[in-house]
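**Q** sequence first, predicted coordinates after that:
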Amino acid sequence: MTLPRFQEILTVRPLDHTTVERAAETAPSWLADLRQTGFDYFEKLSMPTGAEEEWRYVDLDFQLTDFGLPDVAGMSLAADSDLSSLTEYAGIARIVDGFVVDAYCDTPGVTVSKLAGQIDDGDPVLRDSLGRMIPPDLDIFAAAHRAFATDGLVLHVGRGVVVEQPIVVDMQVTQAESVSFPHLSVVLDTNAEVSVIVIMRSPDGQRSVVVPQLELAVGDGARLKLVTSQHWGDATTAIAQQRMVLGRDSTGRLGEVGLGGQLGRLDLNVDLVGDGSSSELVGLYFGDGEQVFDYRVVVNHHGKNTRSDVFLKGAVEDQAESVFSGLLKIWPDATRTSTFETNRNLVLSDGAKAHSVPNLEILCDDVICGHGSSVGPLEEEHMYYLMSRGLSHERAQRVLIRGFFDEMIQRLPVSGLEEPVRAAVTAKFITAQLEGRL
């Protein structure tokens, strides 16, 4: 008899009602209700297919129930180049296999709470913020996250508190054949300010599924900067879901670095609810081998006099594939909106593909908006210019790749990751050159 995959590992539980019921035994009623709602949708929903527009170009050849939910956190990974480059920070937290294993920040006015161990209704911030932005009926991954998230981290910055140094969240997957649901909620009260760096990683060659959720609530006049640096291992499937809601005159600046994973998907939704609020998303991705990067970005302008800017650059080589689908939606009362969306792609190999689909939906007058995208190889004119100055073909390519990504690296809203990100991007390209894959 062949055991199901999750039974071959001792420290995992199945994704079924027994796991939800067991968690409910020690959880407060509000949390048990959240999990039960998630499980109800989990049972109704099925795995998405490429026939659905939102999952077009993506092949999911597994079921979530093929994987087991870790019962305990595995051994933490050694520090990587991202972590080693961050020498000054106000606090740090580690989430391993969905469990918050440590977290601290000693800045007055900042609290860091974890979900595990909450047995009463005593923490109103935790109760009111956790799992409130991403609906469980979004898809089966959101439902599973709501039902089976083992733990969660809530970072709360009090009214008027300004945190000078970034807070680092090290999100890891360490166990093979596992599915985990790491969760981070960031709550900024009125006029608060904080920077957050989230590092996502797992070992190469270790098959796993991870469904991170980031919920970002930015209060009136508050300012949030958040960078996500994604370095999942080459056999990890990552389905990340992220929501940000902005209050009056607030600012949310997001940075995205996508380099790892077999499949790296980001489903990002930004809601500019308050009048005068603004958001920015800048980032880069670079796929090689058979990697797939799938970015789905929706920016909703609800308030008046709001501004947003989305700018992503990516490159693919070998048989890698990238997808960018962006929607800027201006709702009926969102007058004096200003919004732009740009996606640039380099296709470096004949077998690689990039799909770029920017969209606008405008439901009111008195707005300024625009979008643009491009897909193509390195510019022959630029190559000719550099080679005419004595650079070899390979060297000229490297100069152009570095320049292409440096614009995004320099614009990341939180500093500290420039060198490791630049080194990782350069290493991907040079390795492909040296192995004759370009």
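**A** Looks like it came in fine. Worth saying up front: this structure is predicted, and the values here are computed from it rather than measured.
**Q** what is the least confident helix or strand in the protein?
**A** helix 124-129 (a mean of 76; mean pLDDT, DSSP states H and E).
**Q** which of the residues in it are buried?
**A** Val125, Leu126, Arg127, Ser129 (16 or more other C-beta atoms under 10 Å). (Each C-beta comes from the backbone N, C-alpha and C, glycine too.)
**Q** low-confidence stretches in this protein?
**A** In the predicted model, the chain carries pLDDT under 70 at residues 1-10, 117-122.
**Q** could you give the number of residues near Ser415?
**A** The burial count assigned to Ser415 is 13, neighbours taken as other C-beta atoms under 10 Å.
**Q** that one: what secondary structure?
**A** Three-state call for Ser415 (DSSP: H, G, I helix; E, B strand; the rest coil): coil.
**Q** cool, and the one 4 residues further on?
**A** In terms of secondary structure, Glu419 is helix; the call rests on three-state DSSP.
**Q** distance from stretch 55-74 to the middle of the chain?
**A** Centroid separation for stretch 55-74 versus its chain: 17 Å, with C-alpha atoms, centre = their mean, to the nearest Å.
**Q** give me the buried positions along it.
**A** Buried residues in stretch 55-74, counting neighbours by 16+ other C-beta under 10 Å, are found at Trp55, Val58, Leu60, Leu64, Thr65, Phe67, Gly68, Leu69, Pro70, Asp71, Ala73, Gly74.
**Q** ok, the first one - contacts?
**A** Taking C-beta atoms under 8 Å, 6 or more residues apart in numbering as the criterion, Trp55 is in contact with Pro48, Thr49.
**Q** need the helices for the stretch 251-400 of the chain, in chain order.
**A** 380-388, 393-411 (DSSP state H, counting those that start in this stretch).
**Q** winner for burial among these?
**A** Highest mean neighbour count of the helices of the stretch 251-400 of the chain: helix 393-411, a mean of 16 (counted as mean count of other C-beta atoms under 10 Å).
**Q** outside of that one itself, list whatever touches it.
**A** 255, 282-284, 286, 311-313, 315, 344, 346, 378-379, 382-383, 386-387, 391, 418, 421-422, 425-426, 429-430, 433, 438.
**Q** mind giving me the ChimeraX select for these, buried ones only?
**A** Remark: buried members of the contacts of helix 393-411, expressed as a ChimeraX selection using 16+ other C-beta under 10 Å:
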select :255,282,283,284,286,311,312,313,315,344,346,378,383,386,421,425,429,433,438
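**Q** among the contacts of helix 393-411, which lie within strands?
**A** Among these, the members falling in strands (DSSP state E) are Gly255, Val282, Gly283, Leu284, Phe286, Phe311, Leu312, Lys313, Ala315, Arg344, Leu346.
**Q** looking at the buried residues of stretch 55-74, which is nearest Arg336?
**A** Within the buried residues of stretch 55-74, the smallest distance to Arg336 is 35.2 Å, found for Trp55 (C-beta to C-beta).
**Q** any idea how many residues pack against Asp16?
**A** The local packing of Asp16 (other C-beta under 10 Å) involves 15 other residues.
**Q** actually Asp294, not the one I typed
**A** 25.
**Q** can I get the buried residues of stretch 55-74 in TSV including secondary structure and distance to Asp189?
**A** TSV is the format used below for the buried residues of stretch 55-74 (DSSP: H, G, I helix; E, B strand; the rest coil; distance: C-beta to C-beta, whole Å):
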residue	secondary structure	distance to Asp189
Trp55	helix	37
Val58	coil	38
Leu60	coil	39
Leu64	helix	36
Thr65	helix	40
Phe67	coil	38
Gly68	strand	39
Leu69	strand	34
Pro70	strand	33
Asp71	coil	36
Ala73	coil	30
Gly74	coil	35
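**Q** can you list the residues you listed in JSON lines and add distance to Leu412?
**A** Output for the buried residues of stretch 55-74, formatted as JSON lines (distance: C-beta to C-beta, whole Å):
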{"residue": "Trp55", "distance to Leu412": "28"}
{"residue": "Val58", "distance to Leu412": "26"}
{"residue": "Leu60", "distance to Leu412": "30"}
{"residue": "Leu64", "distance to Leu412": "32"}
{"residue": "Thr65", "distance to Leu412": "37"}
{"residue": "Phe67", "distance to Leu412": "32"}
{"residue": "Gly68", "distance to Leu412": "35"}
{"residue": "Leu69", "distance to Leu412": "33"}
{"residue": "Pro70", "distance to Leu412": "31"}
{"residue": "Asp71", "distance to Leu412": "36"}
{"residue": "Ala73", "distance to Leu412": "29"}
{"residue": "Gly74", "distance to Leu412": "29"}
